[in-house]
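>>> Here's my sequence, what's the structure:
(2 chains)
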Amino acid sequence: MAIIKAVRGTRDLLPPETELWNRVEATARSVFARYGFGEIRTPLFEATELFARGVGEETDIVSKEMYTWEDRGRAESDKGQSLTLRPENTAGVVRAYIEHHLADSGMLQKLFYIGPQFRRERPQRGRYRQFWQIGAEVLGPQFSGSDSALRDAEVLEMLATLLNELGIKGWRLALNSVGSTDDRQRYSAALREALQPVKHKMCEDNQRRAETNPLRVLDSKEPNDQEIIDALPKIGDFLGEDSRAHFEQVKAALDACGVPYTVDPRLVRGLDYYTRTTFEFTVPDGSGLGTQNALLGGGRYDGLSEMLGGPKAPGIGFAIGEDRLILTLLAQLEAKEPARLDAFVAPMGVAQNPAALKLAQELRAAGLRIEVGDGAFRLRKSFETADKLADKMIIVGEDEVNSGLFTVKTFSKGEQEKIPRAELAEALSFKKVSS
RNA sequence: GCGGCUAUAGUUCAGUGGCAGAACGCCGCUCUGUGGCAGCGGAUGUCGUGGGUUCGAACCCCACUAGCCGCCCCA
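A predicted model of the protein is given here:
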């Protein structure tokens, strides 16, 4: 019978790697808490229209990368509704913000999420069809200060802190401003006009973009088109006074906090909802990601709530590709330390199995991580197994059980000592701290 | 979605038309209360799946599937 495998682009996460995932998520939660963020959990699927309106009908994500199906519920209201596995989480968070009238508190909302997203792309290293994102959003009514440059800088400074605490080395922050919705529209129109006479010289993709979403022409890496792209109007010349001042304030705050960045005028995020500040954190070559070197991205979305039929609620957010973060950490870690237990309990002979299990029970109750061997195995095998799992092995033989004095071997030091039963837990805990 | 590379033991791989291999790992013995070394022995397997060519296919051909690399796009 053919075995059933995880479907293309999905994968199982197993120990010991899951320990790293938990550590990453715990670190993120800890950092988010210090900046006043609370957790939000939105559904894994939403009405297709949410992404069409929020993310943008013309984006690749919506036009060809979504898992979409038609609901077949019995109720009239369910029938035929188009549903989609979420390809990103910002639209869902803003939908929840509107639906639960979070604006009514008048307070700034700071929300973070950790969870899987789904895109039907060609799988590659660091790019899966079910992938995990750690993200956060800051939004609220204008009078809550949600459109302040302070918030942009705070989010960026928080990300720098998070990456540093995780131990990511060599990250770089690329920063840009795409202006207000108006600025963006004027710039987009200017680009379209400037592209009109020259676009026929460009590659097929860029010709299409010139029509549908001219901003994305700037993202193109097509070598033959670079000359034309360099000659196009610059976004900086189209920023209104407000946007320009906003961008200057973001940069000033980052300078004050000592967060390094480089301004990249061609950094235009692909999603339609971005306004003003856009950014991306990348890691150097050799960090395990190949050319997929973007670790996280985000930006400001002052008009998204209104695009979704909600009140005006400027906001800024980001999403970290957790799969990529983990790959980077794995590549940057020296030698991965396997999960170590505090001790391995080795019974001598099956007759000692009950006594060994009882000892393990006591030590585990004291908070120690313990594995128990099997008395049916020869002592040699117990040693070999113990050495793979822990630094210490406790021998449980007839002598030990009778005398209450247990033989404890420490592999790293090659030492062996006898410790009374009552002092075992303490001795193992103490050694753990001192080593 | 487009282009390329790859798929053989648990792992890394060799094998280019004639008996399915190596290293590491695993199991056993030397050695039933002190392992890691050494010696000896053992099991590894639909050669990714399906079809075709051939007396004969892991090897040549076709299709499919999956992984990886690049592009597109994005985290």
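
>>> quick one: the helices in the stretch 201-350 of chain A?
A:204-212, A:226-230, A:241-257, A:304-307, A:322-332 (DSSP state H, counting those that start in this stretch).

>>> For my notes, please list these in JSON lines and give mean neighbour count, mean pLDDT and distance to RNA strand B for each entry.
Heads up, the C-betas are built off the backbone N, CA and C, glycines and all. Conversion of these to JSON lines gives the following (neighbours: other C-beta atoms under 10 Å; pLDDT from 0 to 100; distance: least, C-beta to the nearest atom of the strand, whole Å):
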{"stretch": "helix A:204-212", "mean neighbour count": "16", "mean pLDDT": "78", "distance to RNA strand B": "5"}
{"stretch": "helix A:226-230", "mean neighbour count": "13", "mean pLDDT": "81", "distance to RNA strand B": "11"}
{"stretch": "helix A:241-257", "mean neighbour count": "16", "mean pLDDT": "96", "distance to RNA strand B": "19"}
{"stretch": "helix A:304-307", "mean neighbour count": "22", "mean pLDDT": "94", "distance to RNA strand B": "13"}
{"stretch": "helix A:322-332", "mean neighbour count": "21", "mean pLDDT": "88", "distance to RNA strand B": "5"}
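
>>> With distance to A:I40 as extra columns, can I get those helices in TSV?
Shown next, in TSV, are the helices of the stretch 201-350 of chain A (distance: least, C-beta to C-beta, whole Å):
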stretch	distance to A:I40
helix A:204-212	32
helix A:226-230	38
helix A:241-257	25
helix A:304-307	15
helix A:322-332	16
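
>>> Which positions in the stretch 51-200 of chain A make contact with RNA strand B?
By C-beta under 7 Å from any atom of the strand, the residues of the stretch 51-200 of chain A that approach RNA strand B are A:59-61, A:64-65, A:88, A:119, A:121-128, A:131, A:133.

>>> Can you flag which of the residues you listed belong to helices?
A:D60, A:I61, A:K64 (DSSP state H).

>>> Now the second one: closest residue in space, sequence neighbours ignored.
Once its chain neighbours are removed from consideration, A:I61 has its nearest residue in A:P87; the separation is 5.0 Å (C-beta to C-beta, 6 or more residues apart in numbering).

>>> Let's see the pLDDT reported for the one you found.
Looking at A:P87, its pLDDT is 95.

>>> Check the contact between it and A:R129; I expect there is one.
No: counting by C-beta atoms under 8 Å, A:P87 does not reach A:R129; the two are 10.3 Å apart.

>>> Walk me through the domains of chain A.
Domain assignment for chain A by automatic domain parsing gives A:17-180+A:240-332, A:343-434.

>>> now those in CSV, with distance to A:R216?
CSV is the format used below for the domains of chain A (distance: least, C-beta to C-beta, whole Å):
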stretch, distance to A:R216
domain A:17-180+A:240-332, 6
domain A:343-434, 51
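
>>> and those domains, which is most packed in?
Per-stretch averages of neighbours, counted by mean count of other C-beta atoms under 10 Å, single out domain A:17-180+A:240-332 among these, with a mean of 18.

>>> Endpoints of that one, how far apart?
Distance between the boundary residues of domain A:17-180+A:240-332 (C-alpha to C-alpha, to the nearest Å) amounts to 14 Å.

>>> who touches whatever residue of the stretch 1-150 of chain A ends up closest to RNA strand B in this structure?
Nearest to RNA strand B in the stretch 1-150 of chain A, going by C-beta to the nearest atom of the strand, is A:R125, at a distance of 2.9 Å. Contacts of A:R125 were listed using C-beta atoms under 8 Å, 6 or more residues apart in numbering, and they are A:G288, A:L289, A:G290, A:Q292, A:L327.

>>> And A:M202, how far from A:R209?
Distance, A:M202 to A:R209, using C-beta to C-beta, to the nearest Å: 9 Å.

>>> Overlap of the contact sets of these two?
A:V217.

>>> Give me the distance between the closest residue in space to A:G288 that isn't next to it in sequence and A:S287.
Leaving aside its sequence neighbours, A:G288 sits nearest to A:A331 (C-beta to C-beta, 6+ apart; 3.0 Å). To A:S287, A:A331 is 5 Å away according to C-beta to C-beta.

>>> same thing with A:V345?
On the measure of C-beta to C-beta, A:V345 and A:S287 end up 41 Å apart.

>>> next one: A:I326
Counting by C-beta to C-beta, the gap from A:I326 to A:S287 is 11 Å.

>>> One more: A:G106?
43 Å.

>>> can you pull the contacts of A:A366?
A:A425, A:S429.

>>> try 6 Å this time
A:A425 (C-beta atoms under 6 Å, 6 or more residues apart in numbering).

>>> ok, now A:T84?
Listed by C-beta under 6 Å, 6+ apart, the contact partners of A:T84 are A:T48, A:F51, A:M66, A:T68.

>>> Turn these into JSON lines, columns for secondary structure.
Output for the contacts of A:T84, formatted as JSON lines (DSSP: H, G, I helix; E, B strand; the rest coil):
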{"residue": "A:T48", "secondary structure": "helix"}
{"residue": "A:F51", "secondary structure": "helix"}
{"residue": "A:M66", "secondary structure": "coil"}
{"residue": "A:T68", "secondary structure": "strand"}
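
>>> Greatest separation within these: which pair is it?
The most widely separated members of the contacts of A:T84 are A:F51 and A:T68, with 9.0 Å between them, by C-beta to C-beta.

>>> quick one: the helices in the stretch 51-200 of chain A?
Using DSSP H, counting those that start in this stretch, helices in the stretch 51-200 of chain A cover A:60-64, A:90-99, A:149-166, A:181-195.

>>> Could you export those helices to CSV, including columns for distance to A:P354?
Formatted as CSV, those follow (distance: least, C-beta to C-beta, whole Å):
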stretch, distance to A:P354
helix A:60-64, 59
helix A:90-99, 53
helix A:149-166, 44
helix A:181-195, 73
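
>>> for the ones you listed, which one sits closest to A:I228?
So among the helices of the stretch 51-200 of chain A, helix A:181-195 is nearest, using C-beta to C-beta, at 8.1 Å.

>>> pLDDT of the closest one, averaged?
86.

>>> Just want the angle from that helix to helix A:241-257.
Using axes from the mean of the first three to the mean of the last three C-alpha atoms, to 10 degrees, the inter-axis angle of helix A:181-195 relative to helix A:241-257 is 100 degrees.

>>> That's all I had, so thanks and see you.
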